[in-house]
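[1] This is a predicted model, with the sequence first.
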Amino acid sequence: MQYERLVEWAKGVWEERWPNRKYVTIWASAECSNMIAQNQIRAGRKLRGKARYDGLQSLDCPVIVPISDYGTRGKKMVLTATAGAYVFKFSQENEDPFEIIYASSYFDDDVQDLTAVAIVPVDKLETWAAFEFACARAVRPRIRRRRDVYIIGGTDAFFDPTVDWDDVILPDELKNDLSDDMEAFFTKGVDIYRQLKLAPFRKLLLAGVPGTGKTMLCAAMAKLAISHGRIVVYVSGSDRDGASFEKIQRALQAVTAARYPVLLIVEEIDAYLQGDDKARVLNVLDGVESPNNPEGALLLATTNYPEVIDERIAKRPGRLDRIFVIPTIQDDQHAEQMLRHYMADQWQEDHITVVPQLIDQPGAFVREAALHARMLAAHEHRTEVTLEFLQQSIDSLVRQLRAGNDFLRDRRPIGLSNNGGKSKKVSRQNPFGFRDELV
Ligand SMILES: Nc1ncnc2c1ncn2[C@@H]1O[C@H](COP(=O)(O)OP(=O)(O)O)[C@@H](O)[C@H]1O
Ligand SMILES: [Mg+2]
């Protein structure tokens, strides 16, 4: 066996250099012969217990062929794991200097795994342990600067948390409720959960017809969370892999490993509530499979189809802590605010006449109407977007909607087990049967 040959050789070297000094033979860490560690840990390095590392000397060992592996560090190629024999030198205040004989080698031809032994003075194990620890730390891949946003199932383009809170046009009360909920959870709630010996995991749902600004709100909440030093984990079902429990699971792993408070965003959560995955998602909501991040995890889920969020989720206490209904435009004041926002520098005072027509429409409708009005004007080579263009634009969008070409609604087939995969029609006027009970 190679290690026996190493020990035999090392003992011989020891007897020659330190006759009569008591030693122990130990399995040592292969990292002490790693070139990265040797380059980084220089003579003079202070170690625990008032000891100092004084450098090394290579030794010729007939049973080891010195050889290094190599790899990248940053952009550079460097030598890494190395087989070789060394004497490491140490000194300690008010004591004689001492040495450690060390040899690392490949165990056998088939296994590319270094094995290392060391001969250490019996009373110096502690210094050696500190040295090994320093070597191991030097070799460990450097932890990259932490990311603020982790996207599961998609690229960074899938989610851009740069939306300003003020750009989301919704009733102030609703917005404040939502941001207060997040703040209260992370600042006070997490401790309370911990005192109760519960995993700090709070679950919020944003429910509303398409285009009311749920995705936008998620992005604005994410920006807010990041500004407080939290991490955002975003699960996207829009990539080729679609919505699968596997993604939720990966997200939960990221949440658990984060070591920071996490805002977990799962958009269109209803898409995950199908087939076999459904029971597992329910387990997560129930706490059976939920993440345990001691810093706290807040789930912000969205759905365009609140009516298909199974009663078992909506009505069973504890599965969701709170449902926020994200409404269509409810009054003139918001309609005007939204219209001004999207008309921007094209705003004219008489545009205000269309405001009543915007009631009950989602924000996305106003944005589309404003954009389309600009296109109409441009088409006629006009620089001003007159009221006529705006009205024309609204009329044509309304016609499209009536014709069933609902550009605001995604056409993802949806459905839960109990309605055979077909969605129930949502009336725009009162899409949420549970509005009064749950909000
Ligand atoms: N409340 C809102 N305030 C400002 N803009 C909005 C609002 N709701 C929708 N919009 C506009 O419509 C677009 C689509 O909205 P989105 O957030 O994707 O809706 P949802 O996720 O609810 O379907 C947004 O990017 C934004 O331009
Ligand atoms: Mg959305």
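    In hand now; what should we look at? If you're wondering where the values come from, they're calculated on a predicted model, not measured in any experiment. Ligands and ions are numbered 1, 2, ... in the order given.

[2] remind me, longest strand of the protein?
    The strand that spans the most residues within the chain, counting by DSSP state E, is strand 76-92.

[3] Close to ligand 2: what parts of this protein are there?
    214-215 (CB under 5 Å from the ion). From N, CA and C alone the C-beta is placed, and that goes for glycine too.

[4] now the strands for the chain?
    Ranges of strands in the chain, per DSSP E, are 23-27, 46-47, 51-59, 67-73, 76-92, 98-106, 114-121, 149-152, 201-207, 231-235, 262-266, 297-303, 322-325.

[5] which one of those strands is the most hemmed in?
    Comparing these by mean neighbour count (mean count of other CB atoms under 10 Å), strand 262-266 ranks first with a mean of 27.

[6] Run through who's touching that strand.
    Strand 262-266 has contacts (CB atoms under 8 Å, 6 or more residues apart in numbering) with 159, 182, 218, 221-222, 225, 230-235, 248, 251-252, 254-255, 272, 291, 293, 295-302.

[7] check contacts around residue 293.
    199-201, 255-256, 258, 261-262.

[8] Tell me who's in contact with residue 167.
    With CB under 8 Å, 6+ apart, residue 167 has these contacts: 216, 220, 341.

[9] Near ligand 1, which residues of the stretch 201-350 of the chain are found?
    For the stretch 201-350 of the chain, the contact set with ligand 1 under CB under 6 Å from any ligand atom comprises 208, 210-216, 304.

[10] ok, whichever residue of the stretch 101-250 of the chain sits closest to ligand 1 - how many residues close by?
    Going by CB to the nearest ligand atom, ligand 1 is nearest to residue 213 of the stretch 101-250 of the chain, at 2.8 Å. By other CB atoms under 10 Å, 24 other residues sit near residue 213.

[11] Next one: the closest residue to it other than its chain neighbours from ligand 2, what distance?
    In this structure, residue 213 finds its nearest non-sequential neighbour in residue 363, 4.9 Å apart by CB to CB, 6 or more residues apart in numbering. According to CB to the ion, to the nearest Å, residue 363 stands 11 Å off from ligand 2.

[12] can you list the weak-confidence ranges in the stretch 51-200 of the chain?
    74, 108-112, 141-146 (pLDDT under 70).

[13] Next: the stretch 301-439 of the chain.
    In the stretch 301-439 of the chain (pLDDT under 70), the answer is 306-317, 405-439.

[14] Specify the beta-bridge partners of the residue nearest to residue 77 when sequence neighbours are not counted.
    Distances taken as CB to CB, 6+ apart place residue 70 nearest to residue 77, at 5.8 Å, with adjacent residues excluded. Note on residue 70: beta-bridge partners by DSSP bridges are residue 79.

[15] thought residue 70 was touching residue 82?
    No: counting by CB atoms under 8 Å, residue 70 sits too far from residue 82 to count as a contact (9.8 Å).

[16] quick one, what contacts residue 201?
    Contacts for residue 201 (CB under 8 Å, 6+ apart) come out as 193, 287, 290-293, 296-299.

[17] Contacts only, for whatever residue of the stretch 251-400 of the chain ends up closest to ligand 1.
    Scanning the stretch 251-400 of the chain for the residue nearest ligand 1 gives residue 363, at 2.4 Å (criterion: CB to the nearest ligand atom). By CB under 8 Å, 6+ apart, the contact list for residue 363 reads 169, 211-213, 216, 329, 338.

[18] So of those residues, which two are at opposite extremes in space?
    216 and 329 (14.2 Å; CB to CB).

[19] So between these two, which is more surrounded?
    Taking other CB under 10 Å, residue 216 and residue 329 do not tie; residue 329 has more neighbours (24 against 18).

[20] what separates that one from residue 234, distance-wise?
    27 Å (CB to CB, to the nearest Å).

[21] And for residue 123?
    55 Å.

[22] again with residue 375
    For residue 375 relative to residue 234 (CB to CB), the value is 32 Å.

[23] ok, now residue 135?
    Separation of residue 135 from residue 234 (CB to CB) stands at 38 Å.

[24] so what's the residue in the stretch 301-439 of the chain that ligand 2 sits nearest to up against?
    As assessed by CB to the ion, ligand 2 sits closest to residue 302 within the stretch 301-439 of the chain, at 5.9 Å. By CB under 8 Å, 6+ apart, residue 302 lies in contact with 205-207, 214-215, 218, 265-269.

[25] want to throw those into a markdown table with distance to residue 402 and pLDDT?
    Formatted as a markdown table, these follow (distance: CB to CB, whole Å; pLDDT from 0 to 100):
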| residue | distance to residue 402 | pLDDT |
| --- | --- | --- |
| 205 | 30 | 93 |
| 206 | 27 | 95 |
| 207 | 25 | 92 |
| 214 | 24 | 96 |
| 215 | 25 | 94 |
| 218 | 30 | 96 |
| 265 | 34 | 96 |
| 266 | 33 | 94 |
| 267 | 28 | 92 |
| 268 | 26 | 90 |
| 269 | 30 | 89 |
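
[26] From residue 322, how far out is the closest residue to ligand 2 within the chain?
    Residue of the chain nearest ligand 2, by CB to the ion: residue 215 (3.3 Å). Separation of residue 215 from residue 322 (CB to CB) stands at 19 Å.

[27] ditto for residue 225
    Following CB to CB, the distance that separates residue 225 from residue 322 is 17 Å.

[28] in the stretch 151-300 of the chain, which spans are helices?
    172-184, 190-195, 214-227, 245-257, 277-286 (DSSP state H, counting those that start in this stretch).

[29] Would you mark the buried spots in the third one?
    Counting neighbours by 16 or more other CB atoms under 10 Å, one finds that the buried residues in helix 214-227 are 214-226.

[30] which among those residues gets closest to residue 369?
    residue 216 (17.0 Å).

[31] Show me which residues of the stretch 51-200 of the chain are close to ligand 1?
    So the stretch 51-200 of the chain meets ligand 1 at 168-170 (CB under 6 Å from any ligand atom).

[32] can you pick the most crowded of the residues you listed?
    Counting by other CB under 10 Å, top hit in those: residue 170 with 22 neighbours.
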